[in-house]
Structures are given as C-alpha cells and as structure tokens.
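Student: Starting from these lines, generate the structure:
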Amino acid sequence: MKNQRGVSLIEVMVAVIVFSVGLLGLAAMQVNSIRFNESASVRGHAVFLAYEMADRMRANPAAKADPSGYAMSFGGAPGCAMSALDSCAVHARDKAEWSDALARQLPSGEGAVIVDGNLVTITVRWDEGRVGGSQAQTVSIVTRI
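Tutor: As a prediction, this is how the structure comes out:
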C-alpha cells in the first residue's frame, strides 16, 4: 500500500482536465449558438423587408399599371429626402422609407428593385462580418405586381 502514494492526486488532476475540456467545448457551442441566432434574426428581418417592398408596390394602384417607378439599384438615392416625404410621389416616398428601414434594421443594409414588365425582383443586401459570417449576404424575392 505504501507504493501508491499520490495516485489520488493524479486521478483528481485528470478529472479536472477532462472537466475543463468539456467546459471549453460547452463555451464554444454557446458562442456559435449566439452567432447563428444573430445571423438568423438578421436574415428574418431582410426577408420581412423584401416582402414589405412588394406589399408597398401592391398597395399603390398606380404601380399595378406601371411598376417602373419603384426600380432602384444598390446604393442609389431613393429620390425623396426623408425630411420632405409629404411632397413626394407615393413610389418615391415608399422607396425612401424602405431604404431608411434597410439602413436602420440591417448592418450595412441596402436594397435593389428590378422591374421587368409586371415581374419584380427585390433584393436585400447586408453585411454579416461582425458575427463571423461572410461579408455580403443577400436575399431575393421575385413576384408579380
């Protein structure tokens, strides 16, 4: 029995190491969970905002006849200042409010609307670099007006 001195100390050290590795794995899993949750939340906002623009176009009776007034490219000015919304045409006001919502609700958010007859492609782009994702993320919907 005298030859086994210190064995329990080694067992405790091994148990502490195994426990520490488990806790590090749990912490890494928690960090990834938070990152993926943030990414999913932003993607959900982007989809909502894309459909919001489609709904704005459908709500405008003039857009049903000619939706080309809603066409805009990434980084393009919406054509109506936020301070002068009351004096703008409906489509210009819709584009200005939508662009403002994209910029406020998404990191580096911007949008584009491509009109091809009554077929409309709405694309929303944002940056996920701050949560470890790829820099440019996009979501597109195609709908008929």
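
Student: contacts and neighbour counts: CA atoms only from here.
Tutor: Noted.

Student: Tell me if I'm right that A71 and I114 touch.
Tutor: Yes - with contacts counted by C-alpha atoms under 8 Å, A71 reaches I114, the gap being 5.4 Å.

Student: and V115, that one's in a helix?
Tutor: No - read with DSSP: H, G, I helix; E, B strand; the rest coil, V115 is strand and lies in no helix.

Student: Using CSV, list the CA coordinates for the lowest-mean-pLDDT helix or strand in the chain.
Tutor: The helix or strand of the chain with the poorest confidence is helix 61-65; it has a mean of 82 (mean pLDDT, DSSP states H and E). Extracted in CSV, the C-alpha atoms of helix 61-65 (Å, rounded to 0.1, in the frame of the first residue of the first chain):
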residue,chain,number,x,y,z
PRO,A,61,-52.8,51.4,-57.6
ALA,A,62,-50.5,53.3,-60.0
ALA,A,63,-47.8,50.7,-59.6
LYS,A,64,-50.1,47.9,-60.8
ALA,A,65,-50.3,49.7,-64.2
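
Student: elements contacting the host helix or strand of A54?
Tutor: Assigned by DSSP states H and E, A54 falls within helix 7-59. Where contact means 3 or more C-alpha pairs under 8 Å, 6 or more residues apart in numbering; DSSP states H and E, helix 7-59 is packed against helix 61-65, helix 90-105, strand 119-127, strand 136-144.

Student: Quick check: the gap between D55 and K64.
Tutor: For D55, the distance to K64 equals 11 Å [C-alpha to C-alpha, to the nearest Å].

Student: ok, now V42?
Tutor: For V42, the distance to K64 - C-alpha to C-alpha - is 30 Å.

Student: what about the two, which has more around it?
Tutor: Counted by other C-alpha atoms under 10 Å, V42 and K64 do not tie: V42 has more neighbours, with 18 against 14.

Student: Quick check: closest non-adjacent residue to that one.
Tutor: Distance criterion C-alpha to C-alpha, 6 or more residues apart in numbering; nearest residue to V42, sequence neighbours excluded, is L106 at 6.6 Å.
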